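Q: Predicted structure and sequence below. I'll ask about it afterward.
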Amino acid sequence: MNRRCRDNNISGIIVRILLLLVPFIKREHDRGKQRDSRYEYVSLDLGETRVHTHAYLPENLYRKLKLIHHDLNFFSMAQIVRFFIVVFFKLVDEYEEDISKELERMYKEWEKEGRDSRLTLRQYIRQLMIIIQHLIPGKRIITVYDHRFMPFWRLRL
């Protein structure tokens, strides 16, 4: 089976949507609210037909979603994927054919915001010192992640 056939199935479509939303996913991870691991119904209509599907995610995308699952305390990975799919369809409803231009505009704006608010090395070190002071005794481990959201360094203090 060639790659084009695989990409046109439901899994491929989900992956393409999520890859298009990667900057949005990063922003949600940075600024999103805690979900308190609450289950959210797919639909309140119990008679509605539900179809199960599997989405085969690239490793780096999976790692991003896994970190959101952990850090924002989502109930499940499926709930995260549904959340971003709903966001995408709301954007499609709002911007229609201009969605690509609008996403590009939003991403450039967020990039500029990030550059303008970037911390200095002195500010990073100050933050780290504050974090270290408030770590629970016996659990003094800090994990540093690389740009692909993979554990890069574990500091045992």
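A: That came in fine, so what should we check first? Quantities reported herein were computed from a predicted structural model and do not represent experimental measurements. Numbers count the residues shown, from 1 in each chain.
Q: Contacts made by whichever strand or helix holds Gln123 with the rest, please.
A: When secondary structure is defined by DSSP states H and E, Gln123 falls within helix 121-133. With contacts defined as CB atoms under 8 Å, 6 or more residues apart in numbering, helix 121-133 is touched by Leu119, Arg140, Ile142, Leu157. C-beta coordinates here come from the backbone N, C-alpha and C atoms, glycine included.
Q: Out of those residues, which two are the most distant from each other?
A: Leu119 and Arg140 (22.7 Å; CB to CB).
Q: still on that earlier bit, turn the contacts of helix 121-133 into CSV, including pLDDT, neighbour count and distance to Gly47.
A: CSV is the format used below for the contacts of helix 121-133 (pLDDT from 0 to 100; neighbours: other CB atoms under 10 Å; distance: CB to CB, whole Å):
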residue, pLDDT, neighbour count, distance to Gly47
Leu119, 87, 10, 52
Arg140, 74, 11, 52
Ile142, 80, 13, 49
Leu157, 73, 9, 55
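Q: Excluding chain neighbours, what is closest to the residue nearest to the spatial centre of the chain?
A: Central residue of the chain (CA atoms, centre = their mean): Ile25, 3.5 Å from the mean position. Using CB to CB, 6 or more residues apart in numbering and skipping residues adjacent in sequence, the residue nearest Ile25 is Lys64, 5.6 Å away.
Q: name the helices or strands packed onto the strand or helix carrying that neighbour?
A: Taking DSSP H and E as the definition, Lys64 sits inside helix 59-71. With contacts taken as 3 or more CB pairs under 8 Å, 6 or more residues apart in numbering; DSSP states H and E, helix 59-71 sits against helix 10-20, helix 22-31, helix 77-95.
Q: Can you check what angle separates the first one from helix 77-95?
A: If I follow you right, that is helix 10-20. Following axes from the mean of the first three to the mean of the last three CA atoms, to 10 degrees, one obtains 70 degrees for the angle between helix 10-20 and helix 77-95.
Q: so where's the protein shaky on pLDDT?
A: 1-7, 139 (pLDDT under 70).
Q: give me phi/psi at the residue lying farthest from the centre of it?
A: Ranked by distance from the centre of the chain (CA atoms, centre = their mean), the top residue is Gly47, with 31.0 Å. When quoted as degrees, to the nearest 10, the phi and psi of Gly47 stand at phi -80, psi -10.
Q: cool, His52 as well?
A: In terms of degrees, to the nearest 10, the main-chain angles of His52 are phi -90, psi 140.
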